[in-house]
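Undergrad: after the sequence you'll find the predicted model.
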Amino acid sequence: MNATPLVALVGNPNAGKSALFNALTGARQKVGNYPGVTVERHSGRMALPDGRPIELIDLPGAYSLDPASPDEQVTRDVLLGRQQGERLPDAILTVVDASNLDNHLRFTLQLIALGLPIVVALNMVDLAERDGLKLDPEALERELGVPVVATVAVRRRGLDALKARMAEMVKGVAKIRPSAGVQHDIVLLQRRARQIATAVTLSETAARRWTHRLDALFLHPVAGPLILLATMFLMFQAVFAWSEVPKGLIEDGMAWLGSEIGAALPDGVLRSLIIDGVIAGVGAVVVFLPQILILFVFILVLEATGYMVRAAFLMDRVMASVGLSGRAFIPLLSSFACAVPGIMATRTIADEKDRLTTILIAPLMTCSARLPVYTIIIGALIPDRALLPGIGLQGLVLFALYVLGVVGAFCAALVLRRTVTRGATSGFMMEMPKYQWPRLRDVLLGLWQRALIFLKRAGTIILYTTVILWALLSFPKPPEGSGISKVDYSIAGRIGNGLQTIVAPIGFNRDMALALIPAMAAREVAVAAIGTVYAIDNADDDKGKASITQQLQAHWSLPSALAFLMWFVFAPQCISTIAVTRRETNGWKWPAFMIGYLFALAYVAAGITYWSAVGLGL
Amino acid sequence: MDVPAAISVPIHLAQLRPHAIGTVAKVEWDRLAEPEARRLRELGLDEGVEVELLRRSGLFGGPLACRIGRMTVALRRHVAATIHVALPAEAA
């Protein structure tokens, strides 16, 4: 055989599949996408005891080979050799939760019937024993007729034995086409699974599962919501408080880089491009990496512990009141970091209308890309005074913008569910996994992947748009001594002046209109754009040395600034979000609708804000 | 199927006392939407399976948490109402 054997890692959700994948492949992982769908393809390389390499793909968790979601569809199609861009696996490694055998074995039986070589990892045997359940792996092997290895993936127990069995499995395997039929009779499979589970159970004491004890607290009608609220509060507190130090370090680093390069390069176009364009633009965005990572730490930990599903449970009632289900809470919470993973996380919502509504409102959650914009404008134009001891006006405005996004999202959902996404009330049915300690290694791996995605984005979309904007702002140059503003004379300035006629009624000046153009690609670019506009306009005089804050104070009125903030609460300015919406909804219809309704909301809200502020004499 | 010494009390899952353990006597599959019924089967629900109500809906009528076999599952009330439960005589 020439090619590296491909082994598919398959299992029920919550069987510990990803932990096993991380334990087997370590950091040698690749995250990609299957063509045509946004389902992430996680693959990694591992070595067998005899040194041969294997490519392991971590397929999305599924309950059966009868898909209920796009995720599960990929799992089925890969296993049947029908997935575009993926070869048929040579063998299957399936994971079952030892304390959930009567359920997980049903899927295993379906997999065995496919006819590919297969090894079963009987995972989390330690947790099963803690719950008073003793199993006989050898009996399970006899019952199933395929190799079974007891493992504890998170503690790396049983991995050597597992690798040895995998080595036997892929020893000179000839390509076997899966036997034609998928066993679909779920009732029959389920009953057989229960029989086997009973047969391999050596003893079972009635130990009260401590997951139930924790649920008594976390799902308590009063304590539960309070704990959820406290968790959310801690999360947002951490995002702002803990990120100050690393943010400062990155800012200093960027400033140092700018001055070093400034000193090394001769004055001219190249120097302007690198300092005004690249470093100012990309730097303004990379500064927010710590905040994004802190938010993701919380989300990854909440997911790994099993608490996220409890949060969905607690929120189901509230979500039901606007026609959504508790499941929508998870993607919406992720959207506070970034709407892209948020929208991708809607794949677990089975009901199509429910899922669509969640996708359409996800961009209203205040994502981390809005933070740079909010922070700079609030810092410059909202007076820094305390309303009450400990409650500053600036913090309050920021909080209000977050709340506004959430309220806007709920109102939008309410309206959408009664109009364009009308349908039967969606259900809420969810497995609630056992509580588990998050493994540092798994959280770090997840975090590393998120950081890479963000930096790639900063390095591509944001870099390109800032450079293009810099070019549009710098050329053509006004004739020497003409006294015309450089920005007004440039291409971008002319576009901005044109655009201003549209946004003037809602109080935007030319510089704001200009900042909106590149911010269509990614919101955070607005900050860099404002910086670049003033840097280029004032490059020759002393004002050019003024900070963005001082520039804003000099050029922006308070009503305009408030209207600008309001615009950013609603406007769908993010190419990545629009692209992911197009992929997730298979066409341009829904992204077009999303862009339309969000721009309309943004325009109206900004207009109302501007004229109210003017009316109040602010 | 070992049905415990039960008198068939017509009771459904949502009406169970918290932590009362019974077995599924009947599921009105036809009152559920097809995908809902399918997912419920995949979560292990079947006639004869042991069920326990862990947590009734909160103050404002939220979902229920129950144990189906060995799995903890969250359900909405209208789904739980299609699951008929037989209780052992002394628990009824």
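TA: All right, it came through fine.

Undergrad: could you report the neighbour count for A:Ala386?
TA: 12 (other C-beta atoms under 10 Å in any protein chain shown). C-beta: built from backbone N, CA, C; applies to glycine.

Undergrad: what's opposite it in the beta bridge?
TA: A:Gly392 (DSSP bridges).

Undergrad: that one contacts A:Gly395, correct?
TA: No - taking contacts as C-beta atoms under 8 Å, A:Ala386 lies outside contact range of A:Gly395: 9.5 Å.

Undergrad: quick one: the residue located most distally from the centre of chain A from A:Gly493, how far?
TA: The centre of chain A is farthest from one residue, A:Gly481, which by C-alpha atoms, centre = their mean lies 50.9 Å away. Distance, A:Gly481 to A:Gly493, by C-beta to C-beta, to the nearest Å: 18 Å.

Undergrad: chain A contacts on chain B?
TA: Neighbours of chain A within chain B, by C-beta under 8 Å from any C-beta of the partner chain: B:33, B:35-36, B:38-44, B:46, B:49, B:54-55, B:57-63, B:65, B:67, B:69-76, B:79.

Undergrad: which element is encountered next along the chain beyond the top helix by length along chain B?
TA: The residue-count maximum for a helix in chain B (DSSP state H) belongs to helix B:34-42. Per DSSP states H and E, the first helix or strand lying C-terminal to helix B:34-42 is strand B:50-55.

Undergrad: how far off centre is stretch A:470-481?
TA: 40 Å (C-alpha atoms, centre = their mean, to the nearest Å).

Undergrad: no, scratch that, I was asking about stretch A:555-566
TA: On the basis of C-alpha atoms, centre = their mean, stretch A:555-566 sits 30 Å off its chain's mean C-alpha point.

Undergrad: now do the SS call for the residue nearest the centre of chain A.
TA: Nearest to the mean C-alpha position of chain A, by C-alpha atoms, centre = their mean, lies A:Pro341 at 2.5 Å. Per DSSP: H, G, I helix; E, B strand; the rest coil, the local secondary structure of A:Pro341 is helix.

Undergrad: does it really touch A:Ser334, like I thought?
TA: Yes - using C-beta under 8 Å, A:Pro341 is in contact with A:Ser334, at 5.2 Å.

Undergrad: and the contacts of the longest helix of chain B?
TA: A:63-64, A:66, A:68, A:106, A:186-187, A:190, A:350-351, A:427, A:429, B:27, B:29, B:32, B:79 (C-beta atoms under 8 Å, 6 or more residues apart in numbering or on different chains).

Undergrad: buried ones in it?
TA: Within helix B:34-42, the residues scored as buried using 16 or more other C-beta atoms under 10 Å in any protein chain shown are B:36-42.

Undergrad: likewise for stretch A:314-329?
TA: A:314-317, A:319-320, A:322-329.

Undergrad: before we move on, back to that, now render the buried residues of helix B:34-42 as TSV, adding distance to A:Thr75 and pLDDT.
TA: Shown next, in TSV, are the buried residues of helix B:34-42 (distance: C-beta to C-beta, whole Å; pLDDT from 0 to 100):
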residue	distance to A:Thr75	pLDDT
B:Glu36	21	83
B:Ala37	21	87
B:Arg38	16	85
B:Arg39	16	84
B:Leu40	20	89
B:Arg41	18	88
B:Glu42	13	86
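
Undergrad: would you format the residues you listed as TSV with distance to A:Thr231 included?
TA: Formatted as TSV, these follow (distance: C-beta to C-beta, whole Å):
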residue	distance to A:Thr231
B:Glu36	30
B:Ala37	34
B:Arg38	33
B:Arg39	28
B:Leu40	30
B:Arg41	33
B:Glu42	30
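
Undergrad: farthest-separated two in those?
TA: Using C-beta to C-beta, these span at most 10.8 Å, a distance reached by B:Glu36 and B:Glu42.

Undergrad: could you tell me which residues of the stretch 101-250 of chain A lie near chain B?
TA: So the stretch 101-250 of chain A meets chain B at A:101-103, A:106, A:186-187, A:190-191, A:194, A:211-212, A:215-216, A:219, A:221-222, A:224-225 (C-beta under 8 Å from any C-beta).

Undergrad: would you map the helices across chain B?
TA: B:34-42, B:77-80.

Undergrad: centre-most residue in chain B?
TA: B:Leu13 (3.9 Å).

Undergrad: residue contacts, that residue?
TA: For B:Leu13, the contact set (C-beta under 8 Å, 6+ apart) comprises B:51, B:53, B:64, B:66, B:75, B:80-81, B:83-85.

Undergrad: one more time with 7 Å, if that's ok
TA: Contact analysis of B:Leu13 by C-beta atoms under 7 Å, 6 or more residues apart in numbering or on different chains lists B:51, B:53, B:66, B:80, B:83, B:85.

Undergrad: surely the fifth one is in contact with B:Glu28?
TA: No - because the distance of 8.0 Å does not satisfy C-beta atoms under 7 Å, B:Ile83 is recorded as not touching B:Glu28.

Undergrad: pick out whichever of the two has more residues nearby.
TA: B:Ile83 (26 against 12).

Undergrad: with adjacent residues omitted, what lies nearest to that one?
TA: B:Leu13 (4.2 Å; C-beta to C-beta, 6 or more residues apart in numbering or on different chains).

Undergrad: can you redo the buried residues of stretch A:314-329 as TSV with distance to chain B and secondary structure?
TA: Below are the buried residues of stretch A:314-329 laid out as TSV (distance: C-beta to the nearest C-beta, whole Å; DSSP: H, G, I helix; E, B strand; the rest coil):
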residue	distance to chain B	secondary structure
A:Leu314	7	helix
A:Met315	9	helix
A:Asp316	5	helix
A:Arg317	4	helix
A:Met319	10	helix
A:Ala320	8	helix
A:Val322	14	coil
A:Gly323	13	coil
A:Leu324	13	coil
A:Ser325	8	coil
A:Gly326	7	helix
A:Arg327	10	helix
A:Ala328	13	helix
A:Phe329	12	helix
